[in-house]
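Q: just coords:
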């Protein structure tokens, strides 16, 4: 079901391959591509996340994000990955597994974004499925949650296509551009995922 070949400590520094994309942690050389894609996608993204100041797209801010991501990964508390297209290594977006919990919970919260030029091309589906495979197999989690703005029909469709189930609406869940917004909560378990007969994902 899963074709995962993990090197030592690869659970929190993986390369996940799921055609036509792959995911990996950010590198210093990704800054120019990241800032260009974020700027190009501003009008698309700020409907669902806070707008950003020029300082937040600075190289200093980018390196701070990298340090924070590395710190969370070292603690086993989070995983932040960039999504790339395999054929030309174009940066497509990003994906996170945050608030990773162990013990009785064994859960995490999924977040993702895809740049405006690449939406509705199947890249987000491939990225989320790869992340689920890694979360359930390599990290041995049991449950992944995702919050979706009720008006974000594309994200809702993606989550359902990936096997998530709607569980309810959380009131005033996130503050987006100065306004508290309700969000719908979706979740998928390891059992749900394996029952969906996922395709092969390779992790290095």
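A: Thanks, I have it. Note that the structure is a prediction, hence the values are computed from the model and not measured. Numbering: from 1, shown residues only.

Q: Look at residue 57 and report its pLDDT.
A: pLDDT recorded at residue 57 is 94.

Q: And for the closest residue to it other than its chain neighbours, the neighbour number?
A: Once flanking residues are discounted, residue 57 sits nearest to residue 35: 5.0 Å by Cβ to Cβ, 6 or more residues apart in numbering. (C-beta placed from N, C-alpha, C; glycine too.) Residues near residue 35, counting by other Cβ atoms under 10 Å, number 16.

Q: just for this structure, where's the confidence low?
A: Where the chain drops to pLDDT under 70, the residues are 1-9, 200.

Q: those strands in it, which residues are they?
A: With DSSP state E, the ranges of strands along the chain come out as 16-18, 21-24, 79-85, 91-101, 107-114, 143-148, 165-176, 179-189, 202-203.

Q: residues in contact with the second one?
A: If I follow you right, that is strand 21-24. Strand 21-24 is contacted from outside by 14-16, 81-86, 92, 95, 123, 126-127, 130-131, using Cβ atoms under 8 Å, 6 or more residues apart in numbering.

Q: again, only this time at 10 Å
A: Strand 21-24 is contacted by residues 13-17, 30, 79-87, 89-90, 92-95, 118, 121-127, 129-131, 134, 201-204 when judged by Cβ atoms under 10 Å, 6 or more residues apart in numbering.

Q: Strand partners (parallel or antiparallel) of it?
A: Applying DSSP bridges, strand 21-24 is found paired with strand 16-18 (antiparallel), strand 79-85 (antiparallel).

Q: Tabulate the ones you listed (TSV), appending distance to residue 173.
A: Shown next, in TSV, are the strands paired with strand 21-24 (distance: least, Cβ to Cβ, whole Å):
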stretch	distance to residue 173
strand 16-18	28
strand 79-85	21
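
Q: Perfect, that will be all.
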